[in-house]
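[1] Following is a predicted model, sequence given first.
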Protein chains: 2
Amino acid sequence: MGKATIDDVAALAGVSIKTVSRVVNKEPNVRKSTQEKVEKAIAELNYRPNQSARSLAGSRSFLIGLLYSNPSPSYIINAQNGSLEACSQEGFGLLIHPCDYQSPDLCEEILQLVRGSRLDGLILTPPITDNRDFVAFLDQEGILYSSVAPMERSAGIPFAYCDDRLAAEQMTEHLIRLGHTRIGFILGHPDHFATHERYAGYQAALENHGLKVPKNLVKQGDFTFNGGKACAEKLLSLKNPPTAIFASSDYMAGGVVVTAHERGIKIPQQLSVAGFDDVPLATQAWPALTTIRQPVQAMSAKAAQLLIARIRGKSPEPSRYKLPCELITRDSTAAPQP
Amino acid sequence: MGKATIDDVAALAGVSIKTVSRVVNKEPNVRKSTQEKVEKAIAELNYRPNQSARSLAGSRSFLIGLLYSNPSPSYIINAQNGSLEACSQEGFGLLIHPCDYQSPDLCEEILQLVRGSRLDGLILTPPITDNRDFVAFLDQEGILYSSVAPMERSAGIPFAYCDDRLAAEQMTEHLIRLGHTRIGFILGHPDHFATHERYAGYQAALENHGLKVPKNLVKQGDFTFNGGKACAEKLLSLKNPPTAIFASSDYMAGGVVVTAHERGIKIPQQLSVAGFDDVPLATQAWPALTTIRQPVQAMSAKAAQLLIARIRGKSPEPSRYKLPCELITRDSTAAPQP
DNA sequence: TTGTATGCGTTATCAT
DNA sequence: ATGATAACGCATACAA
């Protein structure tokens, strides 16, 4: 049964509970032979340490919180799965906590959470990562955390990220290589750091190829489907509309695609559309979207690992970790019609 | 700060810790005036009970697990948010645990989870709810649980559900009223109970209106986009194809829509398409999908409430709870072309 | 209605 | 390298 305690193990192995504790926690200074004895007893009794007791006696709870404030289910699921993967590998539990990243009570709310559940640390996802007051509050309270794709990339705090800027540059380049010169761009929500990075990549690619940034072809979106739709209405109503639209999220790209259909504009023959994120919609839209795959799951797994390393007091790894994005070409982009 | 203990509160209020405990746990037999004294002290010290200590000393951990094995991010998010809503209201934490509903090691895996994290109970989502061996195992181990939309609807276990059968019947009726008589149907994954319920609703509506169930227009899908696409290929290749297709999930309906586009079939003019679930794709497809909205969030919130009531030992509410589905008509359905 | 004393299963301190 | 024992913060018989 799972009811065996450390005392039972100690008795069966013929050692003290402290020695069992050493083995369980992989502490040094245990003779190989005793370690094996203890491990055998643990296996035999199917012993599992009581997390509550560990938490009460020790300084750690082996519980981490994942904070999110993000409207995209697939992003959350990926972030969750990545963190979970790392946590269970390291023997930690993950407590998820949706919240409003701009709530005035966010600090108090999270403090309650951390204190109440005795969390050892937090994993932050965008755009919470970029709420400066909140992050400063965590620092001040001494609450450990790591971030997924944060804006602030200073050395102190651990984080995992990918190069949105470079990826957007590559996507824009892809469109340029196809022969497009009038390339529209739809911005994301201004509170997200990725919004600015992606736009910067778009600008860089144009400039690298001697093209000017066509300000009238750049519209302010918000990462949502409806936002993308509204921007597409504007862009496609222009006397001289773009031959390609790079929407900086797949949901917005989906909005562009639908708007084009409604106007009888054929994709990709008359209009190329590119997205960003590779959410499920990217393969479910018609035509399927050329997009950028962000390694969300890998990033959050890494963020969890970095956080746990920090909780453990070791910091063998660098506190920042970069992962690659991937350009995925599907059917929504092609050379412009002559 | 949040470091105050029950002793501090007792000292400040001039009572014993047992009295503080009574107030915190809302036990009876406390004089109004003492209760207020204690509450004042709690507020003053910003006291929060230590969950680990509560868990260790008592029988409860105030932690619930949410099990899922479901490919739809939006379903998971809704289920999660619903449970979370109820949990935080009741002072419980929610530990999420993705798993493989048909893994041979599922029982052992969950046992470890429950024992290790001292979970007070589990919330099951489909199709885990319908793994008979697993559910029997939980019963045998005395692990408390509640279910969201389970197949087995016996009295013993608490669950929340909605009437998939009725909703499917209503959708089919909607299509019949529009004038369709050749209505195709795409089945979901056979392991999901909802699959059979929805099909039963489809059949019932046809029969109620004196129509035969056209077996050649019923195809086996699996709830996924690609599954829906494959079925649509078959249905639309028929010499005498249906004028409407009721896909029993939105993802499959999305596959139908894309397949139709690829073949130049206009929706809804030449083909009506209906889905089920009202996932984000339903509003992001072109045209937007007529579908059924399932109250996933409300169901899982209710399931959590029922579970917590059971954990607390009270069962004032009935252990089953039914919520309504909603037919949502959008642009993908219309009267058939004459 | 209120208080006292014991134990929950660990970790950690200090010995040995 | 290993062990005895005191916390950890609370719930809960049991008393008063």
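    Thanks, I have the structure now. Numbering: from 1, shown residues only, chains lettered A, B, ... in the order given.

[2] could you pull out the strands for chain A?
    Ranges of strands in chain A, per DSSP state E, are A:63-68, A:93-98, A:121-124, A:145-148, A:159-162, A:183-187, A:218-220, A:244-247, A:272-274, A:291-293, A:320-323, A:326-328.

[3] Buried deepest among those strands, which one?
    Counting by mean count of other CB atoms under 10 Å in any protein chain shown, strand A:244-247 has the highest mean neighbour count of the strands of chain A, with a mean of 31. The C-beta positions use only the backbone N, C-alpha and C, and glycine is treated the same way.

[4] For that strand, which outside residues touch it?
    A:168, A:171-172, A:175, A:178, A:180, A:182-186, A:202, A:221, A:228, A:231-232, A:235, A:253, A:255-256, A:271-276, A:333, A:336 (CB atoms under 8 Å, 6 or more residues apart in numbering or on different chains).

[5] Could you double-check that residue A:331 sits in contact with residue A:291?
    No. Because the distance of 11.3 Å does not satisfy CB atoms under 8 Å, residue A:331 is recorded as not touching residue A:291.

[6] Run a quick neighbour tally on the closest residue to residue A:282 other than its chain neighbours.
    The spatially closest residue to residue A:282, leaving aside those adjacent along the chain, is residue A:289, at 4.2 Å (CB to CB, 6 or more residues apart in numbering or on different chains). Other residues near residue A:289 come to 30 when the count uses other CB atoms under 10 Å in any protein chain shown.

[7] so what's residue A:289 up against?
    With contacts defined as CB under 8 Å, 6+ apart, residue A:289 is in contact with A:250, A:253, A:254, A:257, A:273, A:274, A:275, A:281, A:282, A:283, A:330, A:332.

[8] Just give me the closest of those to residue B:136.
    The shortest separation between residue B:136 and any of those is 38.1 Å, and it belongs to residue A:283 (by CB to CB).

[9] how close does the nearest residue to that closest one once chain neighbours are set aside get to residue B:278?
    Of all residues beyond its chain neighbours, the one nearest residue A:283 is residue B:225 (7.0 Å), with distances taken as CB to CB, 6+ apart. Taken as CB to CB, to the nearest Å, the spacing of residue B:225 relative to residue B:278 amounts to 16 Å.

[10] for DNA strand C, what are the nearby residues on the stretch 1-150 of chain A?
    With CB under 7 Å from any atom of the strand as the criterion, the stretch 1-150 of chain A comes near DNA strand C at residues A:3, A:5-7, A:17-18, A:21, A:24-25, A:47-50, A:53-54, A:56-59.

[11] which sections of chain A are below the confidence cut-off?
    Scanning chain A with the threshold set as pLDDT under 70 gives A:1-2, A:314-317.

[12] Residue A:23 contacts residue A:39, correct?
    Yes. Distance between residue A:23 and residue A:39: 6.5 Å, which falls inside the contact criterion (CB under 8 Å).

[13] Show me which residues of the stretch 1-150 of chain A are close to DNA strand D?
    Applying the criterion CB under 7 Å from any atom of the strand, the portion of the stretch 1-150 of chain A that neighbours DNA strand D consists of A:14-19, A:22, A:28-31, A:33-35, A:53, A:56-57.

[14] of the residues you listed, buried ones?
    Neighbour counting by 16 or more other CB atoms under 10 Å in any protein chain shown classes A:15, A:19, A:22, A:30, A:34, A:35, A:53, A:56 among those as buried.

[15] on that earlier part again, select, out of the strands of chain A, the one closest to residue A:302.
    Using CB to CB as the criterion, the shortest distance between residue A:302 and the strands of chain A is 3.8 Å, found for strand A:159-162.

[16] hmm, who's touching the closest one?
    A:129, A:146-150, A:153, A:294-295, A:298-300, A:302-303, A:306, A:319-325.

[17] try 6 Å
    A:146-147, A:149-150, A:294-295, A:299, A:302-303, A:320-323, A:325 (CB atoms under 6 Å, 6 or more residues apart in numbering or on different chains).

[18] gap between it and the chain center?
    With CA atoms, centre = their mean, to the nearest Å as the basis, strand A:159-162 stands 8 Å off its chain's centre.

[19] Any figure for the gap between residue A:44 and residue B:281?
    With the distance defined as CB to CB, residue A:44 ends up 51 Å from residue B:281.

[20] In terms of neighbours, single out the busier of these two.
    For residue A:44 and residue B:281, the more surrounded residue by other CB under 10 Å is residue B:281, and the numbers stand at 26 against 13.

[21] list the contacts for the more buried one?
    Taking CB under 6 Å, 6+ apart as the definition of contact, the neighbours of residue B:281 are A:284, B:250, B:254.

[22] do the same with residue A:77
    Shown in contact with residue A:77 (CB under 6 Å, 6+ apart): residue B:73.

[23] contacting residues for residue A:168?
    Residue A:168 is in contact with A:198, A:201, A:202, counting by CB under 6 Å, 6+ apart.

[24] ditto for residue A:67
    When the contact criterion is CB under 6 Å, 6+ apart, the partners of residue A:67 are A:97, A:122, A:124, A:128.

[25] first vs last residue of stretch A:211-220, how far apart are they?
    In terms of CA to CA, to the nearest Å, the two terminal residues of stretch A:211-220 are separated by 21 Å.

[26] Mind checking which of the contacts of residue B:281 land in helices?
    Counted as lying in helices by DSSP state H, out of those, are A:284, B:250, B:254.

[27] Of the residues you listed, just the buried ones, PyMOL syntax please.
    Here is the PyMOL command that selects only those of the ones in helices among the contacts of residue B:281 that count as buried (16+ other CB under 10 Å):
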select buried, (chain A and resi 284) or (chain B and resi 250+254)
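
[28] and the ones in helices among the contacts of residue B:281 as a markdown table, adding distance to residue B:158?
    As requested, the ones in helices among the contacts of residue B:281 are arranged in a markdown table below (distance: CB to CB, whole Å):
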| residue | distance to residue B:158 |
| --- | --- |
| A:284 | 35 |
| B:250 | 28 |
| B:254 | 34 |
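
[29] Pick out whichever of the ones in helices among the contacts of residue B:281 sits closest to residue B:133.
    For the ones in helices among the contacts of residue B:281, the minimum distance to residue B:133 (CB to CB) is 30.4 Å, reached by residue B:250.

[30] Quick check: that closest one touching residue B:284?
    No. In this structure residue B:250 lies outside contact range of residue B:284 using CB atoms under 6 Å: 9.9 Å.

[31] sorry, back to before: among the buried ones among the residues of the stretch 1-150 of chain A next to DNA strand D, which lie within helices?
    Per DSSP H, the subset of those in helices is A:19, A:22, A:34, A:35, A:53, A:56.

[32] For stretch A:236-250, what is the distance to the chain centroid?
    Mean C-alpha position of stretch A:236-250 versus that of the full chain (CA atoms, centre = their mean) differs by 28 Å.

[33] Equivalent analysis for stretch A:111-120, please.
    A distance of 22 Å separates the centroid of the chain from that of stretch A:111-120, by CA atoms, centre = their mean.
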